[in-house]
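**Student:** fold the following and give me the result.
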Amino acid sequence: MKATSGILASEQSTKRLSLDPNVIREDFPILKQTVHGKPLVYLDNAATSQKPQTVIDATTRYYSGQNSNIHRGVHYLSERATHEYEEARIKAQEFMNAASSQEIIFVRGTTEAINLVANTFGRANLAAGDEVLITAMEHHSNIVPWQILCEEKHAVLRVAPINDEGELLVDEFEKLLNERTRIVSLTHISNALGTINPIRGLIEEAHRVGAVVVIDGAQAAPHARIDVQEFDCDFYTMSGHKVYGPTGIGVLYGKSRLLDAMPPYQGGGDMIASVTFEKTTYNTLPYKFEAGTPNIAGTIGLGAALDYVNTIGLERIAQHEHELLEYGTEALSNIASLRIIGTAKEKASILSFVIEGIHPHDVGTILDREGVAIRTGHHCTMPLMQRLGIVATSRASLAFYNTKEEIDALVRGIHKVKEVFAR
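**Tutor:** Numbers count the residues shown, from 1 in each chain. As a prediction, this is how the structure comes out:
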């Protein structure tokens, strides 16, 4: 198998592309505030990213000057709103390099996208004795929908193991693939570890046995070039709020032939072509899967967020975040009794760690008093925590507006935590 992810560090351009986070930070009003009298150091980007002024302005502009329902109106406001909504679909198509805008379905986020696939494609194509293959590092949203489906269909959920560094054991993954494997669903980048999976090769191996592949791209979209045609995945998901857009909006990409054959996810307005009491015929793609009034403002905001990311450039973003990750890894590694969780060779900008004798919740609480925002807990990956023999971690997750000085503030805060518990 060719072990490539599409965004491996070894594939990054050697050309140095400057990115000044201090300039970029001026675009994010929330970053200018203080917390408990200290400058805000926001290191919880894997949970949700902050929003640039252009995204805030786009959603405000819709509500203040364009607010109207889409697709159904012939008046001026409806036509303006419809135009911007569909423009956002084209922007998402280009961001993911989908073959057609018909392959872009707007959903609430990655969680709904995976549930949509499970409840439509999965329900129509899975039978008793069939298998669904996931990995041990999956988010709950890429575990629970498949558990529900397998229980309903009397199918089997298989789990590919990982090593102690948090890397997928590719040989074991391949051994689990067989003629009964119908669906493979795996994360592109682990939200808890930062591990980058070699998805291109994994997709190729899954296709050899005829399986359909779903990729959870929630953590990849803010950091990496996404090319669904190059990956040849069957479905790919992303959440707007992870990529500097609004909450409550996301994208499901699906190959047209699969989406065409799938039954609707929900019934209601806009997903129909005609309705009688005897029979309903469904709308064409992508509208067959977009029942009811959507998150119009959120969709327009997502379009603005993708414009913003494209303006900065994903290659520049990846380089800056990789430098931060290297700097942070070295800094945390020098702290006695601290252990980094997730040390994959190919890794995105996440620093999860545990400190001997101190619960992560206590770490997070004390860091908050120092103005440093991190995430603590199991990160919706309880089976992963169990595999690694821990209950929870403290997680600092980095974005392109973060600086080395903020990592220094994190380190100072950790030393403060240790001082408190040494008393």
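**Student:** does Thr247 count as helix, strand or coil?
**Tutor:** Three-state call for Thr247 (DSSP: H, G, I helix; E, B strand; the rest coil): coil.
**Student:** okay, now it: neighbour count?
**Tutor:** 16 (other C-beta atoms under 10 Å). For every residue, glycine as well, the C-beta is placed using N, CA and C.
**Student:** check contacts around His378.
**Tutor:** His378 sits next to 192, 384-385, 391-392 when contact means C-beta atoms under 8 Å, 6 or more residues apart in numbering.
**Student:** domain ranges for the protein?
**Tutor:** For the chain, automatic domain parsing gives the domain ranges 9-50+314-422, 55-310.
**Student:** deepest of those domains, which one?
**Tutor:** Of those, the one with the most neighbours on average (mean count of other C-beta atoms under 10 Å) is domain 55-310, at a mean of 20.
**Student:** off-centre distance for that domain?
**Tutor:** From the chain centre to the centre of domain 55-310 is a distance of 10 Å (C-alpha atoms, centre = their mean, to the nearest Å).
**Student:** one step back: tabulate the domains of the chain (TSV), appending mean pLDDT.
**Tutor:** Output for those, formatted as TSV (pLDDT from 0 to 100):
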stretch	mean pLDDT
domain 9-50+314-422	93
domain 55-310	97
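**Student:** so which of the contacts of His378 is the closest to Ala291?
**Tutor:** Ala192 (32.9 Å; C-beta to C-beta).
**Student:** that closest one and Val214, how far apart?
**Tutor:** Counting by C-beta to C-beta, to the nearest Å, the gap from Ala192 to Val214 is 19 Å.
**Student:** please apply the same query to Thr293.
**Tutor:** Distance, Thr293 to Val214, using C-beta to C-beta: 27 Å.
**Student:** and if you look at Leu126?
**Tutor:** Distance, Leu126 to Val214, using C-beta to C-beta: 13 Å.
**Student:** need the overlap of contacts for the two.
**Tutor:** Going by C-beta under 8 Å, 6+ apart, residues that sit against Leu126 and also against Val214 are Ile183.
**Student:** what sits against Lys32?
**Tutor:** 25, 40.
**Student:** who's in contact with Gly217?
**Tutor:** Neighbouring residues of Gly217 by C-beta under 8 Å, 6+ apart: 110, 188-189, 226, 236-238.
**Student:** and which of these is nearest Thr54?
**Tutor:** Distances from Thr54 to the contacts of Gly217, taken as C-beta to C-beta, are shortest for Met238 (18.9 Å).
**Student:** doesn't that closest one lie inside a strand?
**Tutor:** Yes: assessed with three-state DSSP, Met238 lies in a strand.
**Student:** and it, what does it touch?
**Tutor:** Listed by C-beta under 8 Å, 6+ apart, the contact partners of Met238 are 96, 110, 113, 217-218, 220-221, 226, 250-251.
**Student:** torsion angles phi and psi at the most far-flung residue of the chain relative to its centre?
**Tutor:** Most distant residue from the mean C-alpha position of the chain: Glu278, 41.0 Å away (C-alpha atoms, centre = their mean). Note on Glu278: its backbone torsions stand at phi -90, psi -30 [degrees, to the nearest 10].
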